[in-house]
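Asker: 3D, please:
(3 chains)
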Amino acid sequence: MRFLPHSDQDISSMLDAIGVEKIEALFSGIPANCRLPRDLELSDPLAEADLQRHFQALAAANSVDDSWSRFLGGGYYDHHIPTVIDHLISRSEFYTAYTPYQPEISQGTLQAVFEFQTLICQLTGMEVANASLYDGASACAEAVLMALRCGRKRSKILLSRGVHPRYREVVEAYVRYLDVELVEVPLTVDGRTDEAAVQQLLDQDVAALVVGYPNYLGVVEDVESLSLLTHGSGARLLVAAAEPLAMALYRSPGELGADIVIGEGQSFGLPLSYGGPGIGFIAARQKDMRSLPGRLVGETVDKDGERGFVLTLSTREQHIRREKATSNICSNQGICAVMVSIYLSLLGKNGLPQLARDNYSRAAYLREQIAALPGYSLPFATPVFNEFVISCPQPAAVVLRRLEAEKILAGIDLSADYPEIENGLLICVTEQNDRAQLDSLVEALKGGAA
Amino acid sequence: MDFPEELKYTEEHEWVLLEGDLVSIGISDFAQDQLGDVVFVELPEAGDRVEIGKPFGVVESVKAVSDIYAPLAGEVVEVNADLPDAPESINTSPYEDGWMIRIKPDDPAVLDGLMNAAAYQAFIEEE
Amino acid sequence: MSAIASKGLILDEKLIFERSTAGRCGYDLPAIDVPLVEPDESLLRDEIDGFPELSEVDVVRHYTRLSTWNYGVDSGFYPLGSCTMKYNPKVNEQLARLPGFAHLHPAVPDHLSQGALQLMYDLQQSLCEISGFPALTLQPSAGAHGEFAGMLMIHAWHQAQGNKRHKVLIPDTAHGTNPATAALCGYDVVPIASDGVLSLEAVAAAMDDDVAALMVTNPNTLGLFESNIREICDLVHSRGGLVYCDGANLNALLGICRPGDLGIDVMHFNLHKTFATPHGGGGPGAGPVGVSAALEPFLPVPVIIKEGQNYRLATDRPQSIGHLRTFASQFGILVRAYAYILSMGPKGLKRATELAVLNANYIRARLEGSYHLPYKQRSLHEVIFSDAELPNDCHTLDVAKRLLDYGFHPPTIYFPLVVQGALMIEPTETESKQELDEFCDALVAIAEEAKDSPHLLHDAPVNARTRRLDETLAARKPRLRWERREA
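Answerer: Reported below is the predicted structural model:
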């Protein structure tokens, strides 16, 4: 076995030092009635070459490959990933380290995560951000719990129907056995959170309103107006950004008055990888800092007065506060935070807004072409970013199946999550979709309508 | 370690001082020493009620958290506003700059049941 | 002083924001082949204040230099108890990056992502066989997330039986995640004292009709097998409760004992511990959860179903606790874990467990004369010492920092909480006798230094990137992001 270094001689001299004759003797603390009386029934070990063949075959069994045109978003986005990222995070000092419990030999991770926290604050327009959470949906649930802690006796959460359906379901699972009431806020006919309904639902018991920005249907919500409404009743506004690239183009949630901003950072340099690992982020106001869940990296000095970084404010966490902790979380998405930092550093102040404009323009081009097709329409006239809803002349599932034959994955069928939208299809466009792809999608959609 | 005679002490290591009809509360020199460098204090607001034996606040060091228990019931009339910015006062001056809250007790007689300095010193030696 | 202590050139490096030079950009956008249009001006943001401006070279240098300030398993021995820092096979990294996996969007329909689904299904079957549970979810993102899934299922099961129970029993040796999870699921935590291992009497005394579950770690955080576990499970079941097992230490049991066979109802795995996926400086991990047949209907959705030769993700499960993450799993981590299981095979996994236990016991034998050993029972994959016998005001923290000067990552310190000044050493199976000897030599030398030259411990580290860092300052005046300082 290539990962096990022991020679027979090593083993016998170690057993001598311990004072037992056989390795089995070391397991004497396990009673006989707890032993497995047989070998595990698993396949025989594979050598590296066989392993590679086996996995290549599995990967190839996914019928979709890079020759397909893909317009899938819905919380995970197919952006180009600069080669630099994989090279840098393949340095095993980064990826084979543990959580930086010993800061003196973990300054690489700690500084990179401190930079991540700063980048997230700058992008969201917020004051503090943590070292990351599992993904967008769990970040949303953690943020809801945080808003409940900050809101003290308030126990109601208003969830806009525009928030990613999976985020809403995860929030539901997280609060299921707590004393919390979730209330869904409907959307208006143009796909935005219904402000009149918000006004009606807000009372002294509401801890937070949660809205997407853009929301799941791609629509840019009026965060400013929602924040005025929410703050008027003493509640917090929680903004969920499933496609955070939009924040490089549109006004930041912080500027618009959000109290907590969460999102999914996969857009920033992480592979799609069938939905994970991604990276959740959470950013908040200074006044709520001590209610944040998860790891936080802070700046300090060493014995000689030199700048350094440490995990800090850990009394919030499970290993100290146990059942009173702000969350049970102990890992973050470590290496993914480093990937996001590298991505945002490469694109930076100049590249990221440009990329956002590029995505916006491509989506606008496609949207216009589709709107002109007979039988297709745009249900919402509200501003969008790189993702938008169309209504098809047939059920979306039928359209999608038809286009698969042309190696096009045209979008996400909305019939299960939003049956109120007639034949709704959610289409996403990124810099990975060139004009030829956009034009052939339009042609293919037209083909079926004729 | 210093345990001023004029104070009364609790088994949870708070000290109390009756001044007129108000009672000041903080944590003892022994408690701050056990806790190590204090980095954060969470206190109630003026107007809040505190109940006997119930936690009214939290004091944190880098790697520990302790509840602070109210030795008697009453209404908070004043909170040490300097503590959030200078939690180290609890280490450097537990009985003066490090005071936490002043309350108007429902029943000041409860104080008679608390330990004096000598009894408290004996108590911590036993612990 | 050992020869592997650091002597290298350590380059200084500022924060990425301080490296910024106006006008630079490290990424060229693809040519824009559609008309550039702008949204309504009132929606637009100003420039992103403070965002860095750097060339590709700047970024590469920056992160390369940062990496050299880190210590990973590939740098050397990393005996963090409870964290299981075993070697991470390199081929697994390559396999997770295969374009067929890495470029696969989670919304690709099931009939077009059969390879990924098959991989998940096969991994699920392997983990069931390894643990003895009939059903399993791969969804949870890490161990703590798995605990959460498990306790939610326990709550849902009780609810389905019409039980209203409020308490969860947790031994004092438990990870902090256990009580935090129980509270998150709406339960009151009742701690139970244990003397190394949990006794049937202690559980019996705490067990009543208001107890929903017992959460137990096996082997526990002292490295001891909970030898009364079968009887304890029977007792808890007889009073209508369930048993949750924290599987963080499953690496001590592979091929030897299956928790599912012992009466345990739910257990989470830490793929990043037992199955060699990299820890990534804090994550991502993955925390699958195995359950008994009675709990199977409550598994989170989606579940993977095999029908004939085809696989699909199913969400039509009325009793499910629901979704716990946006998409089905930390798939990239699952690929690595499955590759590890296939590389090792059944005998290799068992051998890994045996050698991990051999290594821990060897360290115990080598250090027993130099450090206080609070629990004398036969321990498995990790061993806990304490600073009780160290002279001259030398404590566990000082030993840990001095180990840095010798070129080793220290053990887990001050955990478990039941041992004052704990040093929790877990070597794992991938360390050779030579490596263990060098580490033990260093710890023995440090124990001698504590007697003769305690300042060496108190001043340590002197060879690391930084000296001891002021954690009190960091917590008193939190600075959690970079801000431009006015000149």
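
Asker: so what sits opposite the spatially closest residue to B:Glu88 that is not a sequence neighbour in the bridge?
Answerer: Spatial nearest neighbour of B:Glu88, excluding adjacent residues (C-beta to C-beta, 6 or more residues apart in numbering or on different chains): B:Val38 at 6.5 Å. Placement of C-beta: from N, CA and C, glycine included. Beta bridges link B:Val38 to B:Ser61, judged by DSSP bridges.

Asker: count the residues that sit near B:Val38.
Answerer: By other C-beta atoms under 10 Å in any protein chain shown, 28 other residues sit near B:Val38.

Asker: contacting residues for it?
Answerer: B:32, B:59-61, B:87-88, B:90-91 (C-beta atoms under 8 Å, 6 or more residues apart in numbering or on different chains).

Asker: where is pLDDT lowest across these?
Answerer: The member of those with the lowest pLDDT is B:Ser61, and it reads 88.

Asker: OK, contacts around that one?
Answerer: B:Ser61 neighbours (C-beta under 8 Å, 6+ apart): A:315, B:35-39, C:472.

Asker: will you turn the residues you listed into TSV that also has pLDDT?
Answerer: Shown next, in TSV, are the contacts of B:Ser61 (pLDDT from 0 to 100):
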residue	pLDDT
A:Thr315	86
B:Leu35	91
B:Gly36	91
B:Asp37	93
B:Val38	94
B:Val39	94
C:Thr472	95
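
Asker: got a PyMOL select line for the buried ones in these?
Answerer: This is the PyMOL syntax for the buried subset of the contacts of B:Ser61, where burial follows 16 or more other C-beta atoms under 10 Å in any protein chain shown:
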select buried, (chain A and resi 315) or (chain B and resi 35+37+38+39) or (chain C and resi 472)
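
Asker: nearest to C:Ile229, of the contacts of B:Ser61?
Answerer: Minimum distance to C:Ile229 across the contacts of B:Ser61 is 33.1 Å, recorded for A:Thr315 (C-beta to C-beta).

Asker: what residue is smack in the middle of chain B?
Answerer: What sits nearest the mean C-alpha location of chain B, by C-alpha atoms, centre = their mean, is B:Gly26, with 2.2 Å.

Asker: quick check, that residue in a helix?
Answerer: No: B:Gly26 is assigned strand when assessed by DSSP: H, G, I helix; E, B strand; the rest coil, not a helix.

Asker: contacts only, for it.
Answerer: B:14-15, B:90, B:94-95, B:98-100.

Asker: just the ones in helices from the residues you listed, please.
Answerer: Among these, the members falling in helices are B:Ile90 (criterion: DSSP state H).

Asker: ok, the residue nearest to B:Glu88 to B:Met1 distance?
Answerer: B:Val38 is 16 Å from B:Met1, where distance means C-beta to C-beta, to the nearest Å.

Asker: phi first, then psi, for the residue nearest to A:Arg70 when sequence neighbours are not counted.
Answerer: Spatially, and ignoring its direct neighbours in sequence, A:Arg70 is nearest to A:Leu409 (4.6 Å; C-beta to C-beta, 6+ apart). A:Leu409 adopts backbone torsions of phi -100, psi 100, taken as degrees, to the nearest 10.

Asker: who in chain B is up against chain C?
Answerer: Neighbours of chain C within chain B, by C-beta under 8 Å from any C-beta of the partner chain: B:37, B:39-40, B:60-63, B:87-88.

Asker: show the pLDDT at residue 20.
Answerer: Just so you know, I chose chain A. With respect to pLDDT, A:Val20 has a value of 97.

Asker: the intended chain is chain C.
Answerer: 96.

Asker: distance of the closest residue to C:Gly72 other than its chain neighbours from C:Leu184?
Answerer: Residue nearest to C:Gly72 in three dimensions, not counting chain neighbours: A:Thr96, with 3.4 Å by C-beta to C-beta, 6+ apart. For A:Thr96, the distance to C:Leu184 equals 30 Å [C-beta to C-beta].

Asker: show me which helix runs longest in chain A.
Answerer: helix A:334-371.

Asker: check contacts around A:Ile157.
Answerer: Per C-beta under 8 Å, 6+ apart, neighbours of A:Ile157: A:144, A:147-148, A:171, A:175, A:180-183, A:206-210.

Asker: mind doing that once more with 7 Å?
Answerer: By C-beta atoms under 7 Å, 6 or more residues apart in numbering or on different chains, the residues touching A:Ile157 are A:144, A:180, A:182, A:207-208, A:210.

Asker: over to B:Gly74?
Answerer: Here B:Gly74 is in contact with B:50, B:103-106 (C-beta under 7 Å, 6+ apart).

Asker: separation between it and chain C?
Answerer: Separation of B:Gly74 from chain C (C-beta to the nearest C-beta, to the nearest Å): 28 Å.

Asker: do the same with A:Gln204
Answerer: Taking C-beta to the nearest C-beta, one finds A:Gln204 at 24 Å from chain C.

Asker: okay, now that residue: neighbour count?
Answerer: By other C-beta under 10 Å, neighbour count at A:Gln204 equals 10.

Asker: between the contacts of B:Gly74, which has the most around it?
Answerer: B:Ile103 (26 neighbours).

Asker: list the residues that contact that one.
Answerer: Taking C-beta under 7 Å, 6+ apart as the definition, contacts of B:Ile103 comprise B:22-23, B:25, B:50, B:74-77.

Asker: once you drop chain neighbours, what's closest to C:Ala116?
Answerer: C:Ala116 sits nearest to A:Tyr274 (C-beta to C-beta, 6+ apart), 4.9 Å away.

Asker: that neighbour should be in a helix, yeah?
Answerer: Yes: per three-state DSSP, A:Tyr274 lies within a helix segment.

Asker: that one contacts C:Leu104, doesn't it?
Answerer: Yes: with contact defined as C-beta atoms under 7 Å, A:Tyr274 reaches C:Leu104; the gap is 4.5 Å.

Asker: can you give me the buried ones in the longest helix of chain A?
Answerer: Per 16+ other C-beta under 10 Å, helix A:334-371 contains these buried residues: A:334-367, A:369-370.

Asker: same question, stretch C:147-161
Answerer: Neighbour-count burial for stretch C:147-161 [16+ other C-beta under 10 Å]: C:147-158.
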